[in-house]
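> Give me coordinates for this.
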Amino acid sequence: MTRQNVVVSEPKPGTKSSSDSSIFSGTGAHKPPPVPGKFIGMNERQLLKDLDVNGGGRISSWVDSMRASSPTHIKSTPSLADEMEKAKQPSALDMFEQIIKASKGKQIVMFLDYDGTLSPIVDDPDRAFMSDAMRKTVRKVARYFPTAIVSGRCRDKVYNFVRLAELYYAGSHGMDIKGPAKGSKYLKGSHSVLFQPASEFLPMMDEVYKTLMEKTKSIVGAKVEHNKFCLSVHFRCVDEKKWTELAQEVRSVLKDYPKLRLTQGRKVLEIRPTIKWDKGKALEFLLESLGMANCTNVFPIYIGDDRTDEDAFKVLRDRGQGFGILVSKTAKETNASYYLQEPSEVMDFLQRLVKWRRLSLRRQFRM
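Below you'll find the predicted structure:
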């Protein structure tokens, strides 16, 4: 069954997501799959109760989770425990030859997060520009492998940052997917893929956005970003003393919207519809759109830096195909198999991948 000219029936709003990860971290490479909602160092059930918006979740727990995700609260010098933890997820650069060996005879498909992966994390989310060198590298990757950008950002915003028409784009954590323009060599049908499983939430998201803008306007540094099917409340530039006030304002809005849920990323609170859809589901949908859903010779690689990327890492681990690469300078529990420290290392990895593919094609032509 082809899914190239797809507008799929949408999940019912309010459906509980299997990955309703109200602030979680994954599990290590050699540990069992994570329990949704798990947060290191805190009782799982108590945390979920504390963070339950409509159940009157405790603000102190919200602020604790905001503080825990803050880079300012991470040690700058890795401890021995950090180094030991990271040993479970070796560097993708150090293990490049082994990665290539594992992909032998298979079609590599690239999935890339945007913020913190292709571009640096910056104070102003509207200025998270990728470098010309990174854009050139991603264009070369797309020449050799089907490539998708999977981001929490609005799809149009991500496209304006990347500006490469030959890619697939999955915005709003995969709730807004569009394929490359007609004529792409990886597009098997005659029409571009279009999938928006949360379209009926659009009026609600517009309404909540306007309310949040009004509620947070007095909090210096707070920024509410409308990502079409989800909303992001950035607190990177908010004084920590004001975090409690910000959390209170967000909760005061969300308590009236039981069909929305709160998750958290790097210095950002994310508000999304409670449907069974995330970056992992987006990855699976894109593989199906490419006609590779049930193929044994496909090798997906997903590179991302955020908690929301764990859904995709877990999908690859459960499928036993390809692998995830976590972008992080500090050791974290994760479902990814490898790590890269920053966007510059991501570019290095992608450039090596392109170089390897070019050389392998040359060898094939000589034979």
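> how far does stretch 258-273 stretch from start to finish?
This stretch, stretch 258-273, spans 9 Å end to end (CA to CA, to the nearest Å).
> what's the spacing between the helix ranked longest in the chain and its chain's center?
Identified as the longest helix of the chain according to DSSP state H is helix 343-366. Between the centre of helix 343-366 and the centre of its chain there are 24 Å (CA atoms, centre = their mean, to the nearest Å).
> got the CA coordinates for it in PDB?
Taking C-alpha atoms only, helix 343-366 is exported to PDB below (Å, rounded to 0.1, in the frame of the first residue of the first chain):
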ATOM      1  CA  PRO A 343      26.100  20.600  16.000                       C
ATOM      2  CA  SER A 344      29.700  20.900  14.700                       C
ATOM      3  CA  GLU A 345      30.200  17.100  15.400                       C
ATOM      4  CA  VAL A 346      26.800  16.400  13.700                       C
ATOM      5  CA  MET A 347      28.100  18.200  10.600                       C
ATOM      6  CA  ASP A 348      31.400  16.200  10.800                       C
ATOM      7  CA  PHE A 349      29.400  12.900  11.100                       C
ATOM      8  CA  LEU A 350      27.200  13.900   8.100                       C
ATOM      9  CA  GLN A 351      30.200  14.900   6.000                       C
ATOM     10  CA  ARG A 352      31.900  11.500   6.700                       C
ATOM     11  CA  LEU A 353      28.700   9.800   5.700                       C
ATOM     12  CA  VAL A 354      28.600  11.700   2.400                       C
ATOM     13  CA  LYS A 355      32.300  11.000   1.700                       C
ATOM     14  CA  TRP A 356      31.800   7.300   2.400                       C
ATOM     15  CA  ARG A 357      28.800   7.100   0.100                       C
ATOM     16  CA  ARG A 358      30.700   8.800  -2.700                       C
ATOM     17  CA  LEU A 359      33.600   6.500  -2.400                       C
ATOM     18  CA  SER A 360      31.400   3.400  -2.400                       C
ATOM     19  CA  LEU A 361      29.500   4.600  -5.500                       C
ATOM     20  CA  ARG A 362      32.900   5.100  -7.300                       C
ATOM     21  CA  ARG A 363      33.900   1.600  -6.400                       C
ATOM     22  CA  GLN A 364      30.700   0.200  -7.800                       C
ATOM     23  CA  PHE A 365      31.200   2.100 -11.100                       C
ATOM     24  CA  ARG A 366      34.700   0.600 -11.500                       C
END
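> Tell me the helices and strands packed up against it.
Using 3 or more CB pairs under 8 Å, 6 or more residues apart in numbering; DSSP states H and E as the contact test, the elements touching helix 343-366 are helix 96-102, strand 107-112, helix 132-144, strand 323-327. Any C-beta I mention is one placed from the backbone N, CA and C, and that applies to glycine too.
> Repeat the analysis, applying 6 Å as the threshold.
Where contact means 3 or more CB pairs under 6 Å, 6 or more residues apart in numbering; DSSP states H and E, helix 343-366 is packed against helix 132-144.
> List the buried residues of the longest helix of the chain.
Judged by neighbour count using 16 or more other CB atoms under 10 Å, the buried positions of helix 343-366 are 343, 345-354, 356-357.
> angle of it against strand 107-112?
160 degrees (axes from the mean of the first three to the mean of the last three CA atoms, to 10 degrees).
> Which residues does stretch 96-106 contact?
Contact with stretch 96-106 is made by 297, 299, 352, 356, as judged by CB atoms under 6 Å, 6 or more residues apart in numbering.
> now with 7 Å?
Stretch 96-106 is contacted from outside by 92, 297-299, 352, 356, using CB atoms under 7 Å, 6 or more residues apart in numbering.
> and if you look at stretch 221-240?
Contacts for stretch 221-240 (CB under 7 Å, 6+ apart): 66, 123, 125, 152-155, 171-173, 175-176, 198, 201, 205, 208-209, 212-213, 216, 219-220, 243, 246, 250, 267-273.
> Could you export that stretch as PDB, CA atoms only?
Extracted in PDB, the C-alpha atoms of stretch 221-240 (Å, rounded to 0.1, in the frame of the first residue of the first chain):
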ATOM      1  CA  GLY A 221      12.200  37.100  29.000                       C
ATOM      2  CA  ALA A 222       9.200  34.800  28.600                       C
ATOM      3  CA  LYS A 223       8.400  34.000  24.900                       C
ATOM      4  CA  VAL A 224       5.400  32.100  23.600                       C
ATOM      5  CA  GLU A 225       6.000  30.500  20.200                       C
ATOM      6  CA  HIS A 226       3.100  29.300  18.100                       C
ATOM      7  CA  ASN A 227       4.100  26.100  16.300                       C
ATOM      8  CA  LYS A 228       0.800  25.500  14.700                       C
ATOM      9  CA  PHE A 229      -0.200  22.200  16.300                       C
ATOM     10  CA  CYS A 230       1.800  22.800  19.500                       C
ATOM     11  CA  LEU A 231       2.900  25.800  21.600                       C
ATOM     12  CA  SER A 232       6.300  26.500  23.200                       C
ATOM     13  CA  VAL A 233       6.800  28.600  26.300                       C
ATOM     14  CA  HIS A 234      10.500  29.500  26.300                       C
ATOM     15  CA  PHE A 235      12.000  30.400  29.700                       C
ATOM     16  CA  ARG A 236      15.700  30.500  28.700                       C
ATOM     17  CA  CYS A 237      15.800  34.200  29.200                       C
ATOM     18  CA  VAL A 238      13.600  34.300  32.300                       C
ATOM     19  CA  ASP A 239      15.100  35.000  35.700                       C
ATOM     20  CA  GLU A 240      14.900  31.800  37.700                       C
END
